[in-house]
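A.B. asks: got a predicted structure here, sequence first:
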Amino acid sequence: MKYSVTTVCLPALDMAQQAALLQKLGFDGVELRVRRVSDEVRAKAEPSSWGYHVNDVTPENFAEKAPAIRQILSDHGLSLAGLATNMTCLDLEQFKHALAGAVAAGAPFIRLAAAAGYTGKDGENYWSIYGETVAGYARCLELTKGSGVKLVLEMHGGTIHPSASLAYRILSQFSSSAVGVIYDPQNMVKDGFETPALALSLLGDYLAHCHFGAHRPFPGDKDAKGTAQWKWEACSMAEGLFNFPLIIKLLQKQQYSHFITIEDFRANIAPELKLAEGIQYLRSLEEQA
């Protein structure tokens, strides 16, 4: 298996520092955050996962920074696993910038969100978002022809694709050579739970990448009717809800050859400690499988 880390969880380090840390810990690659950040957010003093990053790579500056990024990764024996963007398939201007950078940097995929999120509020309509997403992906795929860059959709809560089956429903309209799914068990804990064997069997050739991290549920206060209000907390993969030993076995059986990115956003543990814990755990599961 090949393991990478999303730089979303390394906001306080520059590219060289990120690469040095991951090389030290034995990782094989980096999933690079490429996102627009407002001037207001950038002006804040403290970097944060979802805010300003010291390694400030945006769609607009990515192509310019690509040669330096390639060199840093090469110097540290790392590959660029893919791009962690937050753009939707409707933002063609932003997508064109990101695609130019992806080609220059040698990124195998761009994470591309659906046309809109879905929270179940009045006015949100599954079929409308679904149609806009399929049409948006089709337009973006016209631009990726011949680029070698795949478009991937991440299974995620608050969307119309929280599960493998719902993500597949969108992307099966296109060839698996051009699009793929990010299998993300951590995101399915709250929304979209499916058993790993079923999900991975369904995805087949559409399985393009994996995100591994973990959450676990615990009961919160009860409401006026006595119903427990469940809450969720980040934890180690060994303590999470999903059976990662089984997932590793299934991936090996499926001869999975793409990257597995560790996503660990626990705030009370230093990045080096939690990433070392994560890769050591996953490597040990490989040995037992």
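C.D. replies: Thanks, I have the structure now. Numbering: from 1, shown residues only.
A.B. asks: is Leu80 part of a helix or strand, or is it coil?
C.D. replies: Following DSSP: H, G, I helix; E, B strand; the rest coil, we place Leu80 in the strand state.
A.B. asks: for it, report the pLDDT, please.
C.D. replies: Here, the pLDDT recorded for Leu80 equals 98.
A.B. asks: skip the chain neighbours and tell me the closest residue to it.
C.D. replies: Of all residues not flanking Leu80 in the chain, Ala107 sits nearest, at 5.1 Å (CB to CB, 6 or more residues apart in numbering). Just so you know, the C-beta spots here come from the backbone N, C-alpha and C atoms, and that holds for glycine as well.
A.B. asks: ok, and the helix or strand in this structure with the lowest average confidence?
C.D. replies: helix 39-42 (a mean of 81; mean pLDDT, DSSP states H and E).
A.B. asks: what's downstream of it, the next helix or strand?
C.D. replies: Using DSSP states H and E, the helix or strand that directly follows helix 39-42 along the chain is helix 59-75.
A.B. asks: helices of the stretch 1-150 of the chain, start to end?
C.D. replies: Ranges of helices within the stretch 1-150 of the chain are 15-25, 39-42, 59-75, 92-105, 126-144, based on DSSP state H, counting those that start in this stretch.
A.B. asks: how about CSV for those, with mean neighbour count and distance to Glu286 added?
C.D. replies: Output for these, formatted as CSV (neighbours: other CB atoms under 10 Å; distance: least, CB to CB, whole Å):
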stretch, mean neighbour count, distance to Glu286
helix 15-25, 19, 16
helix 39-42, 10, 39
helix 59-75, 17, 23
helix 92-105, 20, 28
helix 126-144, 16, 32
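A.B. asks: weakest of the ones you listed by average pLDDT?
C.D. replies: helix 39-42 (a mean of 81).
A.B. asks: touching, Ile129 and Ala115? I think so.
C.D. replies: Yes: taking CB atoms under 8 Å as the definition, Ile129 is a contact partner of Ala115 at 5.5 Å.
A.B. asks: tell me the contacts of the residue nearest to Lys222 when sequence neighbours are not counted?
C.D. replies: Excluding the flanking residues, the one nearest Lys222 by CB to CB, 6+ apart is Ala228, at 5.5 Å. Ala228 sits next to Pro219, Gly220, Lys222 when contact means CB atoms under 8 Å, 6 or more residues apart in numbering.
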